[in-house]
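Student: only geometry, no sequence info:
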Ligand SMILES: Cc1cc2nc3c(=O)[nH]c(=O)nc-3n(C[C@H](O)[C@H](O)[C@H](O)COP(=O)(O)OP(=O)(O)OC[C@H]3O[C@@H](n4cnc5c(N)ncnc54)[C@H](O)[C@@H]3O)c2cc1C
């Protein structure tokens, strides 16, 4: 049976893409090598930050506004809460990329915010212990999503709208011709007019052209038992991003797992093969995040409750790849979200459906095109 679109990979981006395609009336086949959801890719660990003040680039803000709307629609559709607003802190030295970028996006997009010094931050959110030469931008719309539940909600909506979703089925190879795309898995072969690849850390196994543009990297998250739990409760503590001499940390109030959750971007800078990555967490992993907890969140410095390994997929400039395959206009790709993509899954699903069904989108995605990399041009 031929499909309109095959979606390869049903994690964060792929489940949303399958849902938006099905909503637009396309006949969709979604193929996932593991379960929905699972803990072997990039979208597990109970919580993901969503924030409107976007230090990475102000152009993300219009996408974020639409992402928030779509997450709320998905909540209504699923009948469960997926998005929690806690307020968010972007902290660092006044001239750090985090603080400057956050303030720039607030100014350009007229986002409500206030700027706090270390002492006023500690008065408002006593869990923080920031050095006096650091500042914090507080933006009230930030919060967190429940990634596993978001994936289940998108997949369930896609199925209700007629999409066929297969789990435990790995795509081994694909080919395009004048009439569409052929996909071979470890179970069967399929035909479709078009294909969208949302394979996360496995992207380059299916698209060798992306070998240097979508590079998997091992990450580790920790949850610790706070010594003063009331300082890290939901309602008392915001999500945060913090650029400090040790690196860039991010974290959450207690939710789901009874501990303070924190991670460090690019953890130990370990490139990884997602099929062979070390998924155990070791004392060396704990030491990296402990350094941040001890210095900046001493009231959270109790024993570890849990640690989990996860995968980033990084592009060279750490902006996403949302585009057609170079030289193969029936195929589009969404990947290399470089450790900050989950919050966008809802709107990326909409964008990918626009691209593959209409050939274009109303959103400005120029900065996510493959043509920005000298090694590749634009496909369609
Ligand atoms: C520790 C950590 C913390 C993060 N924190 C944040 C945060 O706070 N906020 C935020 O916005 N983002 C955050 N991110 C980034 C965000 O989680 C990712 O950008 C996002 O989850 C990527 O989604 P994805 O769909 O690309 O990948 P995935 O969700 O991993 O999906 C890819 C899917 O493709 C499947 N697949 C691959 N190859 C095949 C194949 N050949 N056949 C069939 N299926 C295949 C995989 O099994 C997988 O299910 C974080 C990431 C990590 C690792």
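Tutor: Perfect, I can see it now. Remember, predicted model here, so these are calculated numbers, not experimental data.
Student: could you check how many residues crowd around the residue of the stretch 51-200 of the chain found nearest the ligand?
Tutor: Proximity of the stretch 51-200 of the chain to the ligand (CB to the nearest ligand atom) peaks at residue 200, 2.7 Å away. All C-beta atoms are positioned from the backbone trio N, CA, C, and that covers glycine. When neighbours are defined as other CB atoms under 10 Å, residue 200 has 26 of them.
Student: longest helix of this protein?
Tutor: For the chain, the longest helix by residue count, based on DSSP state H, is helix 60-78.
Student: quick one: the following helix or strand past it to chain centroid distance?
Tutor: Where DSSP states H and E defines the elements, the next helix or strand beyond helix 60-78 is strand 83-85. Averaging C-alpha positions (CA atoms, centre = their mean, to the nearest Å) puts strand 83-85 16 Å from its chain's average.
Student: for strand 83-85, packing partners?
Tutor: Under the contact definition 3 or more CB pairs under 8 Å, 6 or more residues apart in numbering; DSSP states H and E, strand 83-85 sits against helix 60-78, strand 143-145.
Student: let's see that with 10 Å instead.
Tutor: strand 48-50, helix 60-78, strand 143-145 (3 or more CB pairs under 10 Å, 6 or more residues apart in numbering; DSSP states H and E).
Student: give me the mean pLDDT for stretch 100-117.
Tutor: Per-residue pLDDT values over stretch 100-117 give a mean of 98.
Student: do stretch 42-53 as well
Tutor: Per-region confidence: stretch 42-53 scores 98 on mean pLDDT.
Student: can you measure across that stretch, start residue to end residue?
Tutor: In terms of CA to CA, to the nearest Å, the two terminal residues of stretch 42-53 are separated by 23 Å.
Student: quick one: is it near the ligand?
Tutor: Yes: shown here: stretch 42-53 in contact with the ligand (CB under 6 Å from any ligand atom) through 42-43, 45, 48-49.
Student: report the buried residues of that stretch.
Tutor: Buried residues in stretch 42-53, counted by 16 or more other CB atoms under 10 Å: 42-53.
Student: now for these, which pair is the farthest apart?
Tutor: Greatest spatial distance among the buried residues of stretch 42-53 (CB to CB): 44 and 53, at 25.9 Å.
Student: before we move on, back to that, of the buried residues of stretch 42-53, which is the nearest to residue 372?
Tutor: Comparing those against residue 372 with CB to CB places residue 42 closest, at 22.1 Å.
Student: which residue ranges of this protein form helices?
Tutor: Under the criterion DSSP H, helices of the chain are mapped to 12-23, 60-78, 97-108, 118-124, 147-160, 203-206, 283-296, 345-358.
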